[in-house]
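# build me a structure from this.
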Amino acid sequence: MARPLSASKMVEILRAEGLTVHEVRSWRTHNRNSKGAWGPVNGVMIHHTVTKGTEASVSICYNGYSGLPGPLCHGVIDKKGHVHLVGNGRANHAGLGDSDVLRAVINESKLPHDNEADTDGNARFYGFECINLGDGKDPWPEAQKEAIEKVSAAICRHHGWSERSVIGHKEWQPGKTDPRGFTMDGMRKRIAQRLKGGGGGGEPAPDPKPVPKPKFVPFPGSGFFHIGQKSPIITAMGRRLVAEGCGRYEEGPGPEWTEADRRSYAAWQHKLHFKGKDADGIPGKVSWDKLKVPDVG
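Purely as a prediction, here's the structure:
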């Protein structure tokens, strides 16, 4: 179980994962919290929209329709792999599902067959609608599948979940078929690979024997980190801080050293139990080496 992400943190971790994120209208305060619980959260649920066209699909998911008010999910993933955030809080996406499935998600164990509808999924799952007709013919571009993988991995990484915390609507509620066009087992394999430090991409993991040892950025010296400094090293550092749960960014991370970078690095130093001047947010060699910032070439 976990406390739901704030709107700012959701944007932060998705962008840190390399996703293009669009904030739709008043999505940060758009929810159904007045109608029921929101949280603790236990997983991510993937859907297809049964619609076509980005603008129309996003509009429907934001507004809902007669009998089912919006938001109908937290984010819409379009064919280009862009994420359109439409809700923050309880959303009408999961409905009632199987309590045995929820228990398996919490335990991160093998999913049982869903044969009951006795548990409120809107309180427990982040929901992402993916634009697809769901007829088995409408294609799933690789960019869209990669975005599903990245969204899921970003949320799982933040909460400390594995790929088993990601399910399809069809695995939750009896009678549902979404998402149709790829298997959730295959998607979970991609997510697992990304959580291990690489992109899923649908390819099998390489033989570990020939895999080169990862390269990390050597400590550039404390004087490197000052207002006005711009470098891809700073972006790479920020992404690692986010991955470690130490991100304090409203936007970014980006290549320019900012106060948000300093606050984020200070959080990392505190995580390492540094105190006083050793936790002032300016990188030192010991904390930098422990962060393992990947080489940016």
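
# pull the number of nearby residues for the residue lying closest to Ile227 once chain neighbours are set aside.
Distances taken as Cβ to Cβ, 6 or more residues apart in numbering put Trp257 closest to Ile227, at 6.3 Å, once the chain neighbours are dropped. Any C-beta I mention is one placed from the backbone N, CA and C, and that applies to glycine too. As a burial measure, Trp257 scores 22 neighbours (other Cβ atoms under 10 Å).

# list the contacts of Trp257.
By Cβ atoms under 8 Å, 6 or more residues apart in numbering, Trp257 lies in contact with 225-230, 234.

# for Pro4, same thing?
Residues near Pro4 by Cβ under 8 Å, 6+ apart: 38-41, 89, 126.

# work out for me the element Leu14 sits within.
Assigned by DSSP states H and E, Leu14 falls within helix 7-16.

# so where do the strands sit in the stretch 101-250 of the chain?
Assigned by DSSP state E, counting those that start in this stretch, the stretch 101-250 of the chain shows strands spanning 119-120, 125-130, 166-168.

# out of these, nearest to Gly18?
With Cβ to Cβ, the closest approach to Gly18 among the strands of the stretch 101-250 of the chain belongs to strand 125-130: 16.2 Å.

# can you list the contacts of Pro4 in JSON lines and add neighbour count and secondary structure?
Compiled in JSON lines, those are given as follows (neighbours: other Cβ atoms under 10 Å; DSSP: H, G, I helix; E, B strand; the rest coil):
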{"residue": "Trp38", "neighbour count": "17", "secondary structure": "coil"}
{"residue": "Gly39", "neighbour count": "15", "secondary structure": "coil"}
{"residue": "Pro40", "neighbour count": "12", "secondary structure": "coil"}
{"residue": "Val41", "neighbour count": "19", "secondary structure": "strand"}
{"residue": "Gly89", "neighbour count": "19", "secondary structure": "coil"}
{"residue": "Tyr126", "neighbour count": "26", "secondary structure": "strand"}
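
# circling back: filter the contacts of Trp257 down to the buried ones.
225, 229, 234 (16 or more other Cβ atoms under 10 Å).

# report pLDDT for the second one.
What that stands for is Gln229. According to the prediction, Gln229 has pLDDT 95.

# touching, it and Glu256? I think so.
Yes. Contact criterion Cβ atoms under 8 Å: Gln229 and Glu256 qualify, at 7.1 Å.

# would a markdown table of the buried ones among the contacts of Trp257 with distance to Glu17 be doable?
A markdown table is the format used below for the buried ones among the contacts of Trp257 (distance: Cβ to Cβ, whole Å):
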| residue | distance to Glu17 |
| --- | --- |
| Phe225 | 24 |
| Gln229 | 24 |
| Ile234 | 17 |
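
# where in the stretch 151-297 of the chain is pLDDT low?
Applying pLDDT under 70 to the stretch 151-297 of the chain flags residues 198-213, 297.

# so what's Glu17 closest to, chain neighbours aside?
Leaving aside its sequence neighbours, Glu17 sits nearest to Ala154 (Cβ to Cβ, 6+ apart; 4.1 Å).

# in contact with that neighbour: list those residues for me.
Each residue near Ala154 by Cβ under 8 Å, 6+ apart is listed here: 13-14, 16-17, 19.

# take the residues you listed and write them to a markdown table, including pLDDT.
As requested, these are arranged in a markdown table below (pLDDT from 0 to 100):
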| residue | pLDDT |
| --- | --- |
| Ile13 | 97 |
| Leu14 | 97 |
| Ala16 | 95 |
| Glu17 | 95 |
| Leu19 | 96 |
